[in-house]
Structures are given as structure tokens and as C-alpha cells.
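Asker: after the sequence you'll find the predicted model.
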Amino acid sequence: MFRKNKEKPIQTDNNTKNTENTEDRQLAKTLSENIGMFRAIFQDDSTIIFRDFENVNAKGFRCCLVYFDGMVNTEVSNENIINPIMNADILKIRDGGQDVLDILKNKVIYANEIKRSGNVDELLMALFSGDALIMTEGLDAALIVNSKGLQVRSLQEPGLEKVLQGPKEGFSETIITNLSLIRRRLKTPDLRFKFKEIGTRTKTRVCICYIDTLANDDILKELESRLDRISIDGIITSNYIDEMIKDSPLSPFKTIGTTERPDVVAAKLLEGRFAVIVDGTPSALTLPFVFMEYFQSADDYYTSFFFSSINRFLRCLGEFFTTSIPAIYVALITFHHEMIPTELLLSITAARQQVPFPSVIEALILLFTFEVIREAGVRMPLPMGQSVSIVGALVLGQAAIEARLFSAPMVIIIAATGITGLLTIKLKGASILIRLGLLLLAAFMGLYGYIFGVIGAFIYMFSLRSFGVPYMMNYGSINPVDLKDMFIRAPWWYMNYRTKHTAAKNVIRQKVPAKEEKKG
Amino acid sequence: MKRRKIWILLLCYLLISSVLSGCWNYREVESFAIISGFAVDKKDENYLLTFEIVNVESGKDTVISTKHVTSEGTTVFDAVRKTIKMVGKRLYFSHAEVVILSKEVAEEGIVPILDWVARDAEPRSTLHYLVSKEGPAGEILEQQSMTSDVLAYELSDMLKAQRSLSNALDTEEWQFMRDMATKGLSATLPTVRLTNDDNKVLPEISGAAIFKEDKLVGFIDGEDTMTMMFIKDEIKGGLLVNKEYKGDSVTNMSLEILTSKTKLKPRYADNKITMEIVTETNVAIDENGGRDNYLEGEALAKLKSDFETMLQDNIRNLVKSMQEEYDCDTFGFGRAIKIKLPRVWKQIEPQWSEVYKTVEVEVHSTINIRNTSFESKPVKVGD
């Protein structure tokens, strides 16, 4: 049904139409003509600045600095561009053959990045990315001088992936900063950054990161071809790319991971995975992504393996609880009363006296309410927080029970469901869906239906793949080497091998101790 | 086309799964009446069933009380279903724990009751059965309970606690049916009666009802039941109480049973069957009512042999009365012979009830005094 409603390609390729007027256009010979052209492109736009100036020594040598207000560093443009050009003794330093722009480029301007170009398209791109242009009278070319002075956010601790111990810096919005954070952690020439530009209007810079000697070439090929197929006009955040290149696009499960932490990206690269960094997004995409990664937290690897194994196990258990508790509870109290201990059955019966709704409806209403409160908590401004907690705790909790709208055990069940769901926050969307499905099945068929649903969900999950890697990688394995980083986190001295699914080229992470080698 | 196929498949899947599943009825917990126990009496030709319904009321605090309803029917299930006329809700038996049978019902045979309880899906096979010694069974269930809110649950707790008294042998439905089906073994059920205690009427569980096939033939009291449990190797706890004589003084002594093991060893010689009953009991001296120290000298050996003699006499007497009065093989002598001497059993099986009366009994009891609890000496008295 999705295929049918897909937009028909009615637009007459807007991409080419928009760029038509600048494509392959060259600068003119006169300065005034060029300035006029830029003014015509940016009509009524007062953020573009044209700064005319002359050299003190050479009469009639006129220059024009073009840039967007707020995008260049004023100090750099004043001190390193305008000042040297104004004061240079151009006639003296001139030697035959070279034209003025080359002299400026080679001998006058202090800038770490400078380029000469006459292509209007390229010049415009430079302007958009925060560079300044120098045009001179009589030449059909201009210099692109690096003077980027964009306002950027400083590195902050990631909000979604907090850790107790371990690095506290997270990605920011600028791609170059992000790449530097990764490069700093992996001091090897094998680390590859492959850039692409996606989005016909936004021209967003996208970078594929991987370690050449570990990563699987087939996955790289597949990833590149999927990225090349994107022809959208704008990429604002990495989620645009995520949705467009993921396997099984309708699945509620993510087959591409996201992380805000450069240390996590570095660790994933060391496992032979790929990262895709998108300009303007403070998080990276990592792939292939398998189901177990939902339950792995950066903290697992930075704290003692005992403690992190307990936490890992709790997260797995939490996911089971958040998807299953309402379903099991409803199945027990509506189908399998004999399975409840007598005392408990009596207290549930007491609590359910005079409650007007059937148990399923009660569960559905409360689940809905919980999700509403959760969403409201994310959306509302901070000062209003109190009202939500009052409404949530007092009105919906206590008052609803006292008014006999809901039974107390059900409120406890839904609260437990909500809290356990927060353990694996990235799995939230899928959890809600599975929970609802299991609840309805349990309401129609009891525990039988619940088991049916669980089996169905597992069959589905086992059929998923992420870039050729089985989504439920190693779930069926009984080999302790495969299970070292699953439900528990094995100590680092045990993790001698990388997963063969992602790092087939070189699976040895560390030299196996002599003792073990003898055994094997 | 493909999508239609998926819909058809989904429809089949839902239909089949809902039809084939065992539990298909969605019932809210408050929509039925929870039965904690029921009593079976006879009224003329009909069964008279008294049900104890657990009633939960929730105001500020949850109040659990019980209500009783009596209904009459030609069959057991008939009486059960007829309660709907009075209660309005269906009775729910999965949480019932106790069934009390009146003496008349038990004398007529309890297969009709057992059959419904075992056949119906709701009642558990772990139901505890009791036989009312005196008076109608329904009356017992209608009494006020002492420690818990529900009398039937209290009765079931009393039965479970019997393991440290051994005056009644707790028998669950599956055990009773197994014993009843076993050749060379007569089944028993614990008995209950009402006692007056300080103007309060309380149910008391003690003793056993002796069955031959499925019919009640007689009762034995609590002490005999304990002896019976010794022979059947069912002792898990309890006390051995005796008076001890030393010179002029008489002392009351209690020994607490820690563990006990009994072996039945049948012998066949000269057309005669001799049953050797060997008991070995580990006990602790838990009460010394006098000032004599029984750990010194020969006192300990005397104490031991006195108790051993007492136990042996008890066993001998009980077997004798069983053989002569009731003609019931409550101890499973026949089963023991079948296991140990299968060839002999084949010969005597047809006339077992006659042979049973002639079985000679040889009792060897050993009592091992393991410790004296926290005190090794009697309480010191001095002026």
C-alpha cells in the first residue's frame, strides 16, 4: 500500500532547473560586471557584503572582498586579507609571467587554505560554506580564501548516552570537529575518511569512516551504492540518510545504529564496522547494527566486567518486562486464574471491585496515558515540568485509583512497564509496538496468544539483516567466544577475537595467551 | 493478489489459533465466586453441598470474609450448577483446598464425588479430603475460623501443620485415588469433628477414617493414627510421650521425633506369613519433667528401652485391632508382600482378606536418642 501512494514524479527535475543559471558560468573580466552578477543572484539580500579597496602602492589596482556577513571571522579577514593586500608593494614583488591573483595568493595573503577559481558555481559554494572571495579588476578569476568564522557549539556531554566513567565529550554539529574527535582516538593511517556530498540543495557533507584493514569491502561497496542512490534535495540530519539506506525500511527495528559519542564510534570502527558522519548532526550512524547493540552501553566497557554484566543483564530483562508484563498480567487475570497464588488472586479481586473497564481496556488506557506523559515531558518547556509530574502522579495515579477508575495492581504493572522501558531508550519505538501486539494477543488468546506473539516476533527478528549481517547475530550460538559480549560482558582479557561477521579480514584483536593457544 | 493471500493466511491463522487453544474464555477475576472449600452431605437420595465462598470487599482496607451457600442436587455437578440460582456468579474451584465428606456419604462410597472432582477441569488434584466424624459436614464448614479469614484455608493449614504432630495423615486427592487403586492397601482419610472450647465451636482434625474399597468402615483416634503412620513410614515429626519410673519418682518425658524410617519385611514359611516391622527413629529429648538426669549411667538405656517397648506394643495392638475389627489392610501389608514375595502374592491374592487376618507380626523398634536440645542437665533446684 505504501508503494501505491508513493508520490509520482511530477516535478520536472527541479535540481537542474535551479542550478541552470550558474552552471558552467565563468567570471567576467571587469570587476563591476562581476559584482553586478553577484548582486543579481542575491537580490535584496543584505547579508552579502562587497568590500572594495585599493592598494597604497599601485594606483588603480582595485580589489573586492565578497563574503556573507556573520559567516567569516572578521579578525582574519581584516588582518590577514585586507591589511596585507592594501599595504603590499605589489609592483616591487611582481615578477614576469604571474598575474595579480597569483601574486596575492603566493606572496601576500596569510591564509592556510586558498584556491583560485573562475567558476561561478564553485565560488558560490565557497561563499555558502563561509569562505571569502577576492576579485580583482581585469581578471576572470577569483581567490577563495579560508576565513570561516561560523558560530559553533562547544563540545558537551551527550545527553542520551550518559556514562558514569569514561569520556564526557560528545559530537557537535560541525563535521570537521567530529572527524577530529575520531582521528584523535585512532592514530593509524588505516583510518579512512571518504567524503560525499548529498542533497541537491543542502549539499550536505557526509563522511564514511572505516578502518581499511578491518572493514568488509562488500559492505563498503553496498554502503556507497546506497548513498549514491539518494537524490533528495536536502539532508538536515543523519536520520534522513538512516531511513533511506536501511535494510527493511518498514521495520520498527533499527538496522543502523546512532551514537553521540566519538569513543563509541572509535570502538565500533575497531570492530570493523562503518560510521557515517553527517554535517550538522551531532551524532554518527554506525553500521552494520545488530539487535544486541541496543543493550550495549559505552559504560559497559569502562567499568568492571562484573558490574557491567549485571547492568547488561538488567537491560535485557528490562526489555522483556517492558514488552511482556502487561500481556502476561492480563492473560493471567483473565484466562489463567488458577496460576495466580490464592492470596494474590484475592487481593487482585478486591482491587478490581467496581472498576468499570475490562482489564485489557484498563491496560490500554493506562499505557496510552503513560506515553502521553512521556511525550509531554520531552516537548514541554522546563518550567512547566512540575505540572506534568503533578498530573501524572496525583491525578492519574492516586485519584484514579481512589475513584475506582483503575485498579491499583494495573497501575503498578503499567508503571513497571514504563520504568523498565527506559532502560533501553533507543528501542522505545519497537517496544511500544511489540507491547501492544502482545497485549492484544494475550487478551484474545491468553498465554497461548502471548507465546504465539513472542515466537512471531522472534521469527521476524531472525529474518532481518543489516548490510548482510544477521540481525540476531550469535543469538543461537552456544560457543562462549560468540557469547562474550552478549548477555554479559566478558573481561577484556577474554575478548581476543572480533566478530567474524564484521571483521572477517582480521579477527584477532589481541594475541592469544600461550596457554590458550595450546588448548586450541 | 499477493496481498489477498496474506489476508487469507492471517485469517486462517487467527481462526485456527483461537479454536485450537485450550483456554479460550476471557473472564475477569471479579466475575466469578471463588470457592475455598465445600462439604458434601446426603439428604434423602440427593446430595447436599455446602460451599464456602470467599468474599472480598474493598473499601479503605480490603476485607476478606466468607459466605456460605447450600444447594441440593441429584448429582454432585447438578448441585454445583444449581448454586447459580442463588449466587448469580459461577463458582470457581481452582482455588478450593478442602473437601469435607459426611460420615453417611463416606459410608455409601465416595466414588461419585471423586469422579466429578477429578474429571472437571477446575478443581485441583491436590485437594485435601476430610471426613466428618460426627454431625453433618456442612456444619463444620460454617464455623468461624480462628487464625485466618477463611475456614477452608485454615483447615488446609492445619493439615499441613500435622507433620509436626502426626495425629492425622494429610491425604490429597491424587494420593487417595492412588491408594484406593492399589491392591493390598486400604486408603485412609483424616477426620474432623467439632469441639467446644470456651463456648466457641472449633473444628479439630485428628484421627483417621478407614476405608475398605471406597466405603468407610470405621475410625481410629489420633494416637492410633500416629502408630499407623509409623507402620506406613509416613512419620515426619511429632512427639513420643511416656511416663518414666525411677525408684519412687514418676517423670513425664517428651521425645521429639527428628527422623523415622520403617521397613516392612514379609517372610513366608510353613504356609504362614510373618510380617517383620522394623522401625528406626531418631529423637531428641525435648522435655524432662523431673529432676533426674537421664544422661547418666543406665538411665539412658532404660529410657530408650521403655520407649521402644511402648512403640512396639502400640504397633502390635493396632495391627491386631485392624485385623480383627476392621479387616482392613491399612498398612499395605499386601503391597509389601507383592513387592518382596511376588510368587507368594500370586497364590494368596484371591483370598487375601482371609490371609490378612492370619498374618503374624514381629516388631523391632529402635529409638536413637541423638541429643538433648539446649540443656544437657535437668533444671537445678536448690534453696
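Answerer: Ah, there it is.
Asker: at which residues are the helices of the stretch 101-250 of chain A located?
Answerer: Secondary structure of the stretch 101-250 of chain A (DSSP state H, counting those that start in this stretch): helices located at A:120-128, A:175-185, A:217-228, A:238-245.
Asker: residue contacts, residue 192?
Answerer: No chain in the question, so chain A it is. Neighbouring residues of A:R192 by C-beta atoms under 8 Å, 6 or more residues apart in numbering or on different chains: A:I208, A:C209, A:Y210, A:I211, A:D212. (Glycine included, C-beta is placed from N, CA and C.)
Asker: other chain: chain B
Answerer: Per C-beta under 8 Å, 6+ apart, neighbours of B:V192: B:I100, B:L130, B:V131, B:S132, B:K133, B:I140, B:L155, B:P203, B:E204, B:I205.
Asker: cool, A:P282 as well?
Answerer: Applying C-beta under 8 Å, 6+ apart, the residues near A:P282 are A:R153, A:P158, A:G170, A:F171, A:S172, A:E173, A:N178, A:E260.
Asker: residues of chain A that sit close to chain B?
Answerer: A:1, A:333-338, A:342, A:345-353, A:355, A:358-359, A:443-449, A:452 (C-beta under 8 Å from any C-beta of the partner chain).
Asker: buried only: go through the residues you listed for me.
Answerer: A:333-335, A:337-338, A:342, A:345-352, A:355, A:359, A:443-449, A:452 (16 or more other C-beta atoms under 10 Å in any protein chain shown).
Asker: still on that earlier bit, take the residues of chain A next to chain B and keep only those in helices.
Answerer: The helices, defined by DSSP state H, take in A:333-334, A:342, A:345-352, A:359, A:443-449, A:452 from the residues of chain A next to chain B.
Asker: on that earlier part again, can you pick out the most distant pair from the contacts of B:V192?
Answerer: B:K133 and B:L155 (14.0 Å; C-beta to C-beta).
Asker: which one of those two has more residues nearby?
Answerer: B:L155 (27 against 18; other C-beta atoms under 10 Å in any protein chain shown).
Asker: hang on, isn't that one packed against B:E204?
Answerer: No. Here B:L155 lies out of contact with B:E204, judged by C-beta atoms under 8 Å, at a distance of 10.4 Å.
Asker: and residue 216, how many neighbours?
Answerer: Answering for chain A, as no chain was given. A:N216 is flanked by 22 other residues according to other C-beta under 10 Å.
Asker: switch to chain B, that's the one I care about
Answerer: As a burial measure, B:L216 scores 23 neighbours (other C-beta under 10 Å).
Asker: the strands in chain B, which residues?
Answerer: Along chain B, counting by DSSP state E, strands occupy B:32-43, B:46-58, B:62-73, B:90-92, B:98-101, B:128-132, B:188-197, B:200-212, B:215-220, B:239-246, B:249-269, B:272-288, B:360-371.
Asker: so what strands line up beside the first one?
Answerer: Same thing as strand B:32-43. Here strand B:32-43 is paired, per DSSP bridges, with strand B:46-58 (antiparallel), strand B:90-92 (parallel), strand B:98-101 (parallel).
Asker: that strand to helix A:342-352, inter-axis angle?
Answerer: Orientation check (axes from the mean of the first three to the mean of the last three C-alpha atoms, to 10 degrees): strand B:32-43 against helix A:342-352 gives 120 degrees.
Asker: and B:K215, what does it touch?
Answerer: Contacts for B:K215 were tallied using C-beta under 8 Å, 6+ apart; they are B:A106, B:E107, B:E108, B:G109, B:I110.
Asker: how near is it to chain A?
Answerer: Distance of B:K215 to chain A, given as C-beta to the nearest C-beta, to the nearest Å: 32 Å.
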